[in-house]
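# A predicted structure for the sequence below; I have some questions about it.
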Amino acid sequence: MDSLSAALLGGATPEEIERHELPDSYLAAHLRAEDAGMFDGVADKDVRKSLRVGQVPMPEIAPDEVVVAVMASSINYNTVWSAMFEPLPTFNFLKKFAREGGFATRHDQPYQVIGSDAAGVVVKTGAGVRRWRAGDHVVVSCVQVDDQEPATHNDGMLGAGQRAWGFETNFGGLAHYAVVRASQLLDKPAHLTWEEAASTNLTAVTSYRMLVSDKGARIKQGDIVLIWGATGGLGSFAVQMVKNAGGIPIGVVGSDRKAELLRKLGCDVVIDRREIGIGDDAPTPEETLERGKRLGRAIRAAVGEDPHVVFDYVGRATFGISVFVVRRGGTVITCGSSTGYQHSYDNRYLWMNLKRILGSHAANLQEQWECNRLFRLGLLTPVLSAVHPLTDVGEAARSVQLNAHVGKVGVLCMAPEEGLGVTDPELRARIGAQRLNPLRELPGGAAA
């Protein structure tokens with residue numbers, strides 16, 4: 001263990017942290033460029049084979065950057081994409097970024113430290129950083145933007161220089177240290193543990209922009225919202241946001257276990273996609289129509305109306321059904337395609353019924369701040385279901401790759417154990433540990 005890590009885990013003050021030098025190298029989950037073709041022609045692209053955990057060099061930091069000692073991180077589906085080298089190796093992104101010159105050239109390495117979530121402690125700040133200092137407890141945004149690009153000042157997600165940190169950049173969050181821009185930082189909710197806080201940002205803010213923001217569906221009281229994959233990271237937060245807005249969430253899941261967990265999240269209507277005959281395959285036009293009719297009948301039987309909004313990140317297997325089943329004038333909003341990017345739908349149901357398809361990606365900093373505020377107030381709660389050590393990151397990512405998980409899968413990085421990082425125990429006690437962990441078994445065997 002390097003001296004800075006030892007000082008942090010020993011409870012060092014901000015002044016003591018500032019006196020320590022950064023280590024020359026640090027432990028990180030990373031990919032190697034030399035492995036990019038390892039899955040060519042392989043049916044099962046097992047991410048445990050490509051994810052490595054070992055020492056990587058500490059990079060120089062730019063004036064607008066900080067180094068965060070990462071106490072915990074989490075697995076997102078972009079980690080799976082990176083480790084599968086699909087739809088293309090992310091080393092291509094790093095080379096493109098490096099062509100900008102200057103500090104961007106650091107990102108083009110024969111390795112990539114991945115991970116787009118982190119909670120931890122600021123340990124070093126660049127000369128141009130004003131709002132953060134060593135010792136601050138933070139969560140890290142998944143988005144890096146170019147603040148010198150005009151479009152960024154309209155909406156950070158519209159700027160051409162916007163990148164997914166730890167996916168389209170190097171030095172991500174599945175590591176003991178991470179290099180981030182100061183504009184990626186938000187205050188960590190004080191009542192959450194490191195692993196809880198690290199499991200919220202990417203998926204929650206993505207759901208927030210999709211459903212609540214004026215850039216998304218702008219759900220309101222009474223809206224019926226159909227949520228595919230409702231026990232996944234995105235879907236679990238979507239259920240909470242629809243409930244908070246006074247809407248009616250309808251969750252779609254694929255197993256009895258996930259249906260039970262979804263009811264624990266407070267979802268009003270739970271539909272098992274097996275009963276509708278929906279799998280991960282690309283349905284034919286006839287199958288899409290038949291499955292959409294069956295799903296529509298199930299929704300109307302439960303709530304009496306068609307959905308105002310469909311929340312779809314599943315993609316090819318569901319998208320045509322989403323377009324069919326949403327009501328006249330309704331909105332299908334999408335942020336991903338876990339079953340395939342090539343979507344097929346009958347355009348007649350779109351144009352003749354005045355429906356909308358809306359694309360969404362991550363969230364700008366203001367949206368992230370608003371979403372983080374809901375966590376700080378206890379109005380949103382984490383959906384952590386499992387926690388792995390950094391050395392076991394391959395198994396953590398494999399569970400997400402196989403859709404064997406629910407909610408979010410956390411990873412302890414520098415934190416030596418779960419349960420650390422809480423600085424507002426009073427709020428935590430008022431909310432209750434069980435409410436903060438609806439998808440987990442609490443210590444002692446009590447059900448969360």
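That came through, no problem. Numbering: from 1, shown residues only.

# name the helices or strands packed onto the longest strand belonging to the chain?
In terms of residue count, the longest strand belonging to the chain (DSSP state E) is strand 65-75. If contacts are counted by 3 or more C-beta pairs under 8 Å, 6 or more residues apart in numbering; DSSP states H and E, strand 65-75 sits against helix 3-9, strand 119-125, strand 177-181, helix 194-198, helix 393-401, strand 408-412. C-beta here means a position set from N, CA and C on the backbone, and glycine is covered the same way.

# And the pLDDT for A447?
Looking at A447, its pLDDT is 35.

# what does G172 give?
The confidence metric pLDDT takes the value 98 at G172.

# wait, doesn't it sit right on W165?
Yes - contact status for G172 versus W165: in contact at 6.2 Å, counting by C-beta atoms under 8 Å.

# Now do the longest strand of the chain and strand 119-125, the angle between them.
Strand 65-75 runs at 160 degrees relative to strand 119-125, counting by axes from the mean of the first three to the mean of the last three C-alpha atoms, to 10 degrees.

# what about the helix or strand following strand 65-75, distance to the chain center?
The C-terminal neighbour of strand 65-75 among helices and strands, as given by DSSP states H and E, is helix 77-84. Relative to its parent chain, helix 77-84 has a centroid offset of 12 Å by C-alpha atoms, centre = their mean, to the nearest Å.

# got it, and stretch 384-402?
How far stretch 384-402 lies from its chain's middle: 14 Å, per C-alpha atoms, centre = their mean.

# For it, measure first residue to last.
Criterion C-alpha to C-alpha, to the nearest Å; first-to-last residue distance in stretch 384-402 is 17 Å.

# buried ones in that stretch?
By neighbour count on 16 or more other C-beta atoms under 10 Å, the buried set for stretch 384-402 is 384-388, 390, 393-394, 396-401.

# Next SSE downstream of the top helix by length along the chain?
Looking across the chain with DSSP state H, the single longest helix is helix 285-303. For helix 285-303, the following helix or strand on the C-terminal side (DSSP H and E) is strand 309-312.

# That next one pairs with which strands, parallel or anti?
strand 224-228 (parallel), strand 331-334 (parallel) (DSSP bridges).

# So which residue of the chain lies furthest out from the middle?
What lies farthest from the middle of the chain is M352; by C-alpha atoms, centre = their mean that is 34.9 Å.

# Contacts only, for that residue.
Contact analysis of M352 by C-beta atoms under 8 Å, 6 or more residues apart in numbering lists nothing.

# Could you measure from it over to V323?
According to C-beta to C-beta, to the nearest Å, M352 stands 12 Å off from V323.

# got the residue ranges for the helices in the stretch 1-150 of the chain?
Remark: helices assigned in the stretch 1-150 of the chain by DSSP state H, counting those that start in this stretch are 3-9, 14-19, 77-84, 91-98.

# winner for burial among these?
Mean neighbours per residue, mean count of other C-beta atoms under 10 Å, is largest over the helices of the stretch 1-150 of the chain for helix 77-84, with a mean of 23.

# Next, the angle from that helix to helix 393-401.
Put simply, helix 77-84 runs at 110 degrees to helix 393-401, going by the same axes, to 10 degrees.

# Contacts for helix 77-84 next, please.
Contact with helix 77-84 is made by 31, 39, 45, 47, 50-51, 87, 90, 112, 114-116, 164, 166-167, 174, 336, 338, 397, 400-401, as judged by C-beta under 8 Å, 6+ apart.

# Any of these buried? List them.
For the contacts of helix 77-84, a burial check counting by 16+ other C-beta under 10 Å picks out 31, 39, 45, 47, 50-51, 90, 112, 114-116, 164, 166-167, 174, 336, 338, 397, 400-401.

# where along the stretch 101-250 of the chain do the strands fall?
Remark: strands assigned in the stretch 101-250 of the chain by DSSP state E, counting those that start in this stretch are 111-113, 119-125, 137-140, 143-144, 163-164, 177-181, 185-187, 224-228, 248-253.

# Which one of those strands lies nearest to G216?
Checking the strands of the stretch 101-250 of the chain against G216 by C-beta to C-beta gives strand 224-228 as the closest, at 11.4 Å.
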